[in-house]
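Enquirer: Got a sequence here, can you model it:
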Amino acid sequence: MNSLDTDVLVIGGGPTGASAAAWCARAGLDVLIVDSRDFPRDKACGDGLTPRAIAEMSRLGMADWLADRPTNWGLRAAGFGQTWHLPWPGGSMPAHGSAAPRWELDAAVLAVARASGARFAGGLKIAQAKPDTSGRVREVIAADGTVVTCRRVVVADGARSTVGRMLRRTWHQDTVYGVAARAYVDSDRADDPWISSHLELRGAEGELLSGYGWIFPLGNGRVNLGVGTLATDRRPADVNLRKLIDTYHRGQTEDWQL
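Expert: Numbering: from 1, shown residues only. Got it, this is the predicted structure:
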């Protein structure tokens, strides 16, 4: 049985976990990041980076990495015969956003964490995490039997956190949530300066759905095209996402030169 020890255990190597790990390591703490996947790895996402994300990544020292990414000036929202251009507000935040595929973004932030001194163990799925009598987690056990002891834990393994459920967090299924699908598509408008959201999302039969479609330019001849639908029931909306994204793609092919 393997054993590891650290000051700070970060569970989840995505942008949240990796950035937290970077700051902890820079503060002089010994940091170990564990993730159930090896990197680089993909994740279904719209890939948009808001001005707040740009600001945080710049603070992490990723300005040069961002300089090679496309720049957008805000949101183009369309629906029901109207189109609005909504610029990013600026103020205390940058006045621009960007976009990057998640397998590139996540790997880049993790690289920053490692360069800051954090260690990384990929392919290590946490199977047990129990608080001690004081309510703090000081030991976790991975599925392969590896035991990790620590003084602090950062739980950053996603919205439907497996470790969170071990610690009796509740996923509020009675609130609004959604399901989505995305694809990468070649487009002659891959350098468009606006991320676009279509608020009038319709199905194959022309029915109006409670959701939206999006197209986020990624540069280099590609866009991120996706659809998301909302639900207020215990289960997601009964929608065939593959059929829906095909319908949305066909509807945008001419305008976006897909």
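Enquirer: for the stretch 1-150 of the chain, what spans make up the strands?
Expert: Assigned by DSSP state E, counting those that start in this stretch, the stretch 1-150 of the chain shows strands spanning 3-11, 31-35, 48-49, 74-79, 82-87, 98-99, 119-122, 126-131, 137-142, 147-155.
Enquirer: Can you list the helices and strands that the second one packs against?
Expert: Using 3 or more Cβ pairs under 8 Å, 6 or more residues apart in numbering; DSSP states H and E as the contact criterion, the elements in contact with strand 31-35 are strand 3-11, helix 15-26, helix 102-115, strand 119-122, strand 147-155. (Glycine included, C-beta is placed from N, CA and C.)
Enquirer: just the third one next, same as before
Expert: Here strand 48-49 is seen to pack against strand 98-99 when contacts are counted using 3+ Cβ pairs under 8 Å, 6+ apart.
Enquirer: which strands and helices sit next to the strand it packs on?
Expert: If contacts are counted by 3+ Cβ pairs under 8 Å, 6+ apart, strand 98-99 sits against strand 48-49, strand 211-219.
Enquirer: please redo it, this time with the cut-off set to 10 Å
Expert: Other elements packing on strand 98-99 under the criterion 3 or more Cβ pairs under 10 Å, 6 or more residues apart in numbering; DSSP states H and E are strand 48-49, helix 51-59, strand 211-219.
Enquirer: Kindly compare burial across the ones you listed and name the winner.
Expert: A comparison of the helices and strands packed on strand 98-99 by mean neighbour count, using mean count of other Cβ atoms under 10 Å, puts strand 211-219 on top with a mean of 23.
Enquirer: Direction included, what does that one pair up with?
Expert: In the sheet, strand 211-219 lines up against strand 195-198 (antiparallel), strand 222-231 (antiparallel) (DSSP bridges).
Enquirer: Sounds good, over and out.
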